[in-house]
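Trainee: Show me the folded form of this:
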Amino acid sequence: MWRDLLPVGRDTGTGGYRRYAWTPADTDCRAWFRAQAESRALTYEVDRNGNQWAWQGDPTAGDAVVTGSHLDSVPDGGPFDGPLGVISSFAALDELRARGATPTRPLALVNFTDEEGARFGVACAGSRLSAGQLTPERARELRDADGVSLAQAMEAAGQDPEAIGPDPERLGRIGAFVELHIEQGRALDLSGDAVGVASAIWPHGRWRFDFTGEANHAGTTRLEDRRDPMLTYANTVLAARKKARLAGALATFGKVSVEPNGVNAIASLVRGWLDSRAADEATLAEVVTAIEQAATERGARDGVDVRVVRESFTPVVEFAHDLRDRLTALLGGAAPVPVLPTGAGHDAGILSATVPTAMLFVRNPTGVSHSPAESAAEDDCVAGVTALADVLEGLACR
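Mentor: Predicted coordinates:
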């Protein structure tokens, strides 16, 4: 499975992945998922929001145990973020069958669409739509860098954009959702464990900062006469680092666009996207407010207008304690399995508001993620499959 999926959407120049939602690479990933489902005689279906499902047992019976993740990527992302969870779900099902374990509850594998939000700017779009955390109207109007709307992209890929929206009936049939994911940090590497259980996800969000100045000639305009939004943007990037460090939080400007984007032109508009995360919502709010204030104050000095738009927000997620404790008991063995929080968002975090959810992490020896350098040892990946199979057997088979 890994060898079949590995070339899809990989850029030969960078070695990273560009599997953006509703693109040809995404279509190839979706075809791979369907082929894996059908080769195992699973009931395959696509829901109204484009999420893919593969069922063993009656999909309508209720109290289902579901596992899976996503197949899309960030720009030049690594091979494990998302796909490891989907591949492991199929491999864990194979392991259950090899053990002769017979599920007494419906079992489903899922590929959530557009988890990374790399193309349209909203993370976990597929699960957010299903959970009612993203309105169909806003979703259809989202646009990529080329001005293509989400509705247009879905339609071009054969999915009906008019059908998207909340799916409470489907989510109501899920008794538990367990997502396996590469750890996006080094906690397991430092503890010496191959697999861990998630305790919580930090609250996090994305904010767009618009810095509007005045375009002018770089070679003839006096420094004193400039309204240069790049200066305000640069100062805001530095302020974000300082405010986050003082609060023990995280703040990153990782995406920027410039107009008119000419070497010999003073910019008229700079847009920067802030990703910020913290251990609690109050700290996160304080950090973002402080960054916005720093931007506004600097903008006043530079003659630049500053506008801030919150594009997405996910509150703190405390995974269901009873399900989390069940996983730690199933995986405990001779030594307790580590339980750790994460600053990364996941579909499991979105579903947690309406569905009992839990997560398994697989060791990442370098802690690098969202990069072609992302890695995991084969033995650790196999340990993750075994752990997931143990969890599914414990939850669905007895």
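
Trainee: any idea where the helices of the stretch 51-200 of the chain begin and end?
Mentor: 83-99, 125-131, 136-141, 150-156, 168-171, 187-191 (DSSP state H, counting those that start in this stretch).

Trainee: Mean pLDDT and mean neighbour count for the ones you listed - can I get that in TSV?
Mentor: Heads up, the C-betas are built off the backbone N, CA and C, glycines and all. TSV is the format used below for the helices of the stretch 51-200 of the chain (pLDDT from 0 to 100; neighbours: other CB atoms under 10 Å):
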stretch	mean pLDDT	mean neighbour count
helix 83-99	98	22
helix 125-131	97	27
helix 136-141	97	15
helix 150-156	98	19
helix 168-171	97	14
helix 187-191	95	16
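
Trainee: Gly13: which of these is closest?
Mentor: Relative to Gly13, the nearest member of the helices of the stretch 51-200 of the chain by CB to CB is helix 83-99, separated by 20.4 Å.

Trainee: And that closest one, what does it pack against?
Mentor: Packing contacts for helix 83-99, counted by 3 or more CB pairs under 8 Å, 6 or more residues apart in numbering; DSSP states H and E, involve helix 2-5, strand 64-70, strand 107-112, strand 174-182, helix 378-396.

Trainee: Note down every partner strand of the third one and its orientation.
Mentor: Here the strand partners of strand 107-112, with direction, are listed using DSSP bridges: strand 52-56 (antiparallel), strand 64-70 (parallel).

Trainee: what's the angle from it to helix 83-99?
Mentor: Here strand 107-112 runs at an angle of 170 degrees relative to helix 83-99 (axes from the mean of the first three to the mean of the last three CA atoms, to 10 degrees).

Trainee: Other residues contacting strand 107-112?
Mentor: 29-30, 33, 37, 42, 51-57, 59, 64-71, 86, 89-90, 93, 124, 126-127, 174, 347, 392, 396 (CB atoms under 8 Å, 6 or more residues apart in numbering).

Trainee: 7 Å - rerun?
Mentor: For strand 107-112, contacts defined as CB atoms under 7 Å, 6 or more residues apart in numbering pick out 33, 51-57, 64-68, 70-71, 86, 89-90, 93, 126-127, 347, 392, 396.

Trainee: got it, and stretch 83-99?
Mentor: 1-2, 5, 33, 36, 40, 67-69, 71, 109, 111, 179-182, 362, 376, 381, 384-386, 388-389, 392-393.

Trainee: ok, now with 8 Å
Mentor: Under CB under 8 Å, 6+ apart, the answer for stretch 83-99 is 1-2, 5, 33, 36, 40, 56, 67-71, 103, 107, 109-111, 179-182, 362, 376, 381, 384-386, 388-389, 392-393, 397.

Trainee: hmm, who's touching the longest helix seen in the chain?
Mentor: Using DSSP state H, we find that the single longest helix of the chain is helix 281-302. The contact list for helix 281-302, computed with CB under 8 Å, 6+ apart, reads 202-205, 207, 209, 211, 213, 227-229, 231-232, 235-236, 239-240, 243-244, 247-249, 251, 274, 276-278, 304-306, 308, 315-316.

Trainee: Next, the buried residues of that helix.
Mentor: Of all the residues in helix 281-302, those buried under the rule 16 or more other CB atoms under 10 Å are 283-284, 286-288, 290-292, 294-296, 298-299, 302.

Trainee: which one of these sits closest to Pro168?
Mentor: The closest of the buried residues of helix 281-302, once distances to Pro168 are taken by CB to CB, is Leu284, at 28.2 Å.

Trainee: Just list whatever residues bridge to the residue lying closest to Phe80 once chain neighbours are set aside.
Mentor: Using CB to CB, 6 or more residues apart in numbering and skipping residues adjacent in sequence, the residue nearest Phe80 is Ile182, 4.1 Å away. Going by DSSP bridges, Ile182 is paired in beta bridges with Val362.

Trainee: what's the neighbour count on Ile182?
Mentor: Ile182 has 27 neighbouring residues, counting by other CB atoms under 10 Å.

Trainee: Equivalent analysis for the one 10 residues further on, please.
Mentor: Using other CB under 10 Å, Gly192 has 8 other residues around it.

Trainee: Equivalent analysis for Pro59, please.
Mentor: Residues near Pro59, counting by other CB under 10 Å: 16.

Trainee: Look at it and report its pLDDT.
Mentor: At Pro59, the model reports a pLDDT of 96.

Trainee: same deal with Pro315?
Mentor: 88.

Trainee: I figured it hits Trp202, correct?
Mentor: No. With contact defined as CB atoms under 8 Å, Pro315 does not reach Trp202; the gap is 9.9 Å.

Trainee: Show me which of the two is the more surrounded one.
Mentor: Trp202 (24 against 16).

Trainee: Could you tell me how far the more buried one is located from Asp72?
Mentor: From Trp202 over to Asp72 the distance is 22 Å, taken as CB to CB, to the nearest Å.

Trainee: now the strands: where do they sit in the stretch 201-350 of the chain?
Mentor: 204-212, 216-217, 250-259, 265-266, 269-277, 305-314, 317-318, 339-342 (DSSP state E, counting those that start in this stretch).

Trainee: Quick check: which of these is nearest to Ala194?
Mentor: Among the strands of the stretch 201-350 of the chain, strand 339-342 sits nearest to Ala194 (CB to CB), with 13.3 Å.

Trainee: Report the strands that pair with that closest one, each with its relative direction.
Mentor: strand 195-201 (parallel).
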